[in-house]
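1. Give me a 3D structure for the following:
(chains A and B)
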Amino acid sequence: QQQVKQSPQSLIVQKGGIPIINCAYENTAFDYFPWYQQFPGKGPALLIAIRPDVSEKKEGRFTISFNKSAKQFSLHIMDSQPGDSATYFCAASDNAGNMLTFGGGTRLMVKP
Amino acid sequence: ETGVTQTPRHLVMGMTNKKSLKCEQHLGHNAMYWYKQSAKKPLELMFVYSLEERVENNSVPSRFSPECPNSSHLFLHLHTLQPEDSALYLCASSPSRGPNTEAFFGQGTRLTVV
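-> Modelled structure (predicted):
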């Protein structure tokens, strides 16, 4: 059973656009929601993370929006650049020490 | 560099071969993980070690055998693999197995089974 559903699977935007990647979860015990960025030939790396006590977190051009009642969270990339082209994974974990559960990934391409 | 190093970066092996993947972390972390990344299941957790003790095994076939001799090293021993085992195998570590801890990934080993 997939506990974290991510969409879309792939996304193409023009430079300067604002790609939005969405994730939905089922387990109400989840309380930590990180996003990972993976470039070709590299392992995933933590990009930004949020906890459910806030509805939004911003770091540079990356923003997470969190909707606890809907059990959804999303990643927005402002003023996207070709260098942002990568695969993005959302994830979730609970405070019981269980492992991160990853979404299926979104392959983003930002065209010059 | 993430502080997690995997070798080799690429491996081609026949179905009757025996090989091992190596992971080393220089971060002083207490938990280490093996993930399988393929087109079908982008990030699939295989094994978890915490303080050198295996704490999770996600129904992985016995042809994959992990070993954690100390908190800095993790191995994945491979034998009689199938072509469908071809994938990117990622090692990760975290400060602990506790909640809300960031996982640091290595660059992976691209495995091709022929």
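2. Skip the chain neighbours and tell me the closest residue to whatever residue of chain B ends up closest to chain A.
-> Nearest residue of chain B to chain A: B:Phe105, at 3.1 Å (Cβ to the nearest Cβ). For glycine as for every other residue, the C-beta is placed from the backbone atoms N, C-alpha and C. Computed as Cβ to Cβ, 6 or more residues apart in numbering or on different chains, the closest residue to B:Phe105 that is not its neighbour in sequence is A:Gly43, at 3.1 Å.
3. For the one you found, list the residues it contacts.
-> The neighbourhood of A:Gly43, defined by Cβ atoms under 8 Å, 6 or more residues apart in numbering or on different chains, consists of B:2, B:4, B:90, B:92, B:105-108.
4. again, only this time at 10 Å
-> A:36, B:2, B:4, B:6, B:35, B:37, B:88, B:90-92, B:103-108 (Cβ atoms under 10 Å, 6 or more residues apart in numbering or on different chains).
5. what do you get for B:Val114?
-> B:12-15, B:17, B:81, B:83, B:86.
6. Show me which residues of chain A sit near chain B.
-> A:2, A:6, A:9, A:31-34, A:36, A:38-39, A:41-46, A:49, A:51, A:87, A:89, A:91, A:93-107 (Cβ under 10 Å from any Cβ of the partner chain).
7. What subset of the residues you listed is buried?
-> For the residues of chain A next to chain B, a burial check counting by 16 or more other Cβ atoms under 10 Å in any protein chain shown picks out A:6, A:31-34, A:36, A:38, A:42-44, A:49, A:87, A:89, A:91, A:93-94, A:98-106.
8. Quick check: helices, which of those residues are part of them?
-> Among these, no member is found in helices (DSSP state H).
9. At which residues are the strands of chain A located?
-> A:4-7, A:10-14, A:20-25, A:30-38, A:45-50, A:56-59, A:62-67, A:72-77, A:86-94, A:101-102, A:106-111 (DSSP state E).
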